[in-house]
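Student: Sharing a model prediction with you, sequence too.
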Amino acid sequence: QVQLVESGGGLVQPGGSLRLSCATSGFPFRSYAMSWYRQAPGKERELVAAITTVGGSTDYADSVKGRFTISRDFAKSTVYLQMNSLKPDDTAVYYCRARAIVAFTTTVREYWGQGTQVTVSS
């Protein structure tokens, strides 16, 4: 059974930090690109950060560059999002996603976590 379980969200003051975790199981973590998305009330879900499989190349939304860092631990099948210098605009539900294309096909496999709330407020 595939599981992606986010944790680490909460209430933080502007300028503070949080570290989100997404613990996974039930699929070959090493073969999946991982990413973090967020969705604020009344807004569409947006990509925040992504990391590839082997090699670990990363990409970030312009709004979080220099403040957020995505990383993955293959031994723990877990992806992290370190968030620093948080702003009220970062308030959202944060979701992790796993995505892979099945070898020698065009079939995409995609899994999502249930989300964790991040609130930045004084």
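Tutor: Thanks, I have the structure now.
Student: Can I get stretch 107-119 in CSV, CA atoms only?
Tutor: This file holds the C-alpha atoms of stretch 107-119, laid out as CSV (Å, rounded to 0.1, in the frame of the first residue of the first chain):
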residue,chain,number,x,y,z
THR,A,107,2.6,5.5,-18.2
VAL,A,108,2.9,8.0,-15.3
ARG,A,109,2.5,6.9,-11.8
GLU,A,110,1.8,9.7,-9.3
TYR,A,111,1.0,9.6,-5.6
TRP,A,112,0.1,12.4,-3.2
GLY,A,113,0.2,12.9,0.6
GLN,A,114,-2.7,14.2,2.6
GLY,A,115,-1.1,17.6,3.3
THR,A,116,0.1,19.5,6.3
GLN,A,117,-1.0,23.0,7.3
VAL,A,118,1.6,25.7,7.6
THR,A,119,0.5,29.0,9.0
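Student: From the contact counts, what lies against whichever strand in the chain runs longest?
Tutor: Across the chain, the strand with the greatest residue count (assigned by DSSP state E) is strand 92-101. Counting contacts by 3 or more CB pairs under 8 Å, 6 or more residues apart in numbering; DSSP states H and E, strand 92-101 packs against strand 3-7, strand 18-25, strand 33-39, strand 78-83, strand 108-112, strand 116-120. (Each C-beta comes from the backbone N, C-alpha and C, glycine too.)
Student: Please identify the buried residues of the third one?
Tutor: Okay, so that is strand 33-39. The neighbour-count check on strand 33-39 (16 or more other CB atoms under 10 Å) flags 33-38 as buried.
Student: Next up, the contacts around the residue nearest to Ile101 when sequence neighbours are not counted.
Tutor: Once flanking residues are discounted, Ile101 sits nearest to Val108: 5.6 Å by CB to CB, 6 or more residues apart in numbering. For Val108, the contacting residues are 99-102, by CB atoms under 8 Å, 6 or more residues apart in numbering.
Student: Would you mind checking those for buried ones?
Tutor: In the contacts of Val108, the ones that pass as buried (16+ other CB under 10 Å) are Ala100.
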